[in-house]
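Asks: Following is a predicted model, sequence given first.
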Amino acid sequence: MVDRFKTSVGCDITYVLHAGPGTNAPRVALVHSLALDRSIWDGVVRALATEAQILTLDCRGHGQSAQPVMTYTPQLFARDLAELMDHVQWPSAIVAGCSMGGMVAQAFAIDYPQRTNGLTLVDTTAWYGAEAANAWRERAATA
C-alpha cells in the first residue's frame with residue numbers, strides 16, 4: 001500500500017512498506033536511480049517478499065514525492081531515508097541503491113553508520129567529479 005510522510009522540513013515523501021514474513025525478518029531499504037522511482041525495485045521486492053521486510057520510496061523530486069525546486073544531494077536523500085525509517089520505526093536496515101541510489105546508500109552509511117546493517121551498491125560511484133557533475137545537473141534538469 002502506497003503511503004506518505006512529511007520530512008522534518010515538510011517535504012512529502014511517498015513510500016511502500018512491504019511487511020514481508022514478519023517483524024523479525026531482515027529490513028531492506030531500496031533507493032532508486034536518478035529520474036526513476038521506487039517501481040524499479042518491483043522485481044526485487046517480489047523476489048525477497050518471503051525473506052525480508054522491504055522499504056521502497058520515491059526520493060524527493062522523483063515519482064509521486066514532492067518536487068521542490070532546490071539543490072538535491074545524496075546527503076539530503078540520506079536524511080530523508082533516516083527520517084522515513086524513524087517514521088516506520090526501523091532502527092536500522094540493509095540499504096541498497098542503484099546509480100544515484102547507490103550514492104545515497106553510501107551517504108547514509110557515512111552519516112548513519114549505527115543504522116546501516118549492510119550496503120548493496122549497484123552501478124554507482126562515490127563521486128562523479130567536476131566534469132561529470134555538469135552533465136549530471138543537465139540530466140537532472142531534463143528529468
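Replies: On my side now, so go ahead. Numbers count the residues shown, from 1 in each chain.

Asks: And the pLDDT at Y72?
Replies: Note for Y72: predicted pLDDT of 92.

Asks: For R60, see how far away it is.
Replies: Distance, Y72 to R60, by C-beta to C-beta, to the nearest Å: 7 Å. (Glycine included, C-beta is placed from N, CA and C.)

Asks: More neighbours: the two, which one.
Replies: Per other C-beta atoms under 10 Å, whichever of Y72 and R60 has more neighbours is R60, with 21 against 17.

Asks: Spatially central residue for the chain, please.
Replies: Geometric centre of the chain, nearest residue: V31, 3.0 Å, by C-alpha atoms, centre = their mean.

Asks: Quick check: pLDDT value at that residue.
Replies: Per-residue pLDDT puts V31 at 98.

Asks: Just list whatever residues bridge to it.
Replies: G97 (DSSP bridges).

Asks: Low-confidence stretches in this structure?
Replies: Across the chain, the ranges flagged by pLDDT under 70 are 127-133, 136, 143.

Asks: tell me the helices in it, going along the chain?
Replies: 42-48, 74-87, 100-111, 129-142 (DSSP state H).

Asks: Give me whichever of these is most buried.
Replies: With neighbours defined as mean count of other C-beta atoms under 10 Å, those peak in mean count at helix 100-111, which reaches a mean of 23.

Asks: ok, residues contacting it?
Replies: Helix 100-111 has contacts (C-beta atoms under 8 Å, 6 or more residues apart in numbering) with 30-34, 59, 73-75, 77-79, 81-82, 95-97, 115-116, 119-126.

Asks: how about TSV for the helices of the chain, with distance to S65 added?
Replies: Formatted as TSV, the helices of the chain follow (distance: least, C-beta to C-beta, whole Å):
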stretch	distance to S65
helix 42-48	17
helix 74-87	9
helix 100-111	13
helix 129-142	15
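
Asks: so who does Q114 touch?
Replies: Residues in contact with Q114 (C-beta under 8 Å, 6+ apart) are S92.

Asks: what's the spacing between it and L17?
Replies: Taking C-beta to C-beta, one finds Q114 at 21 Å from L17.
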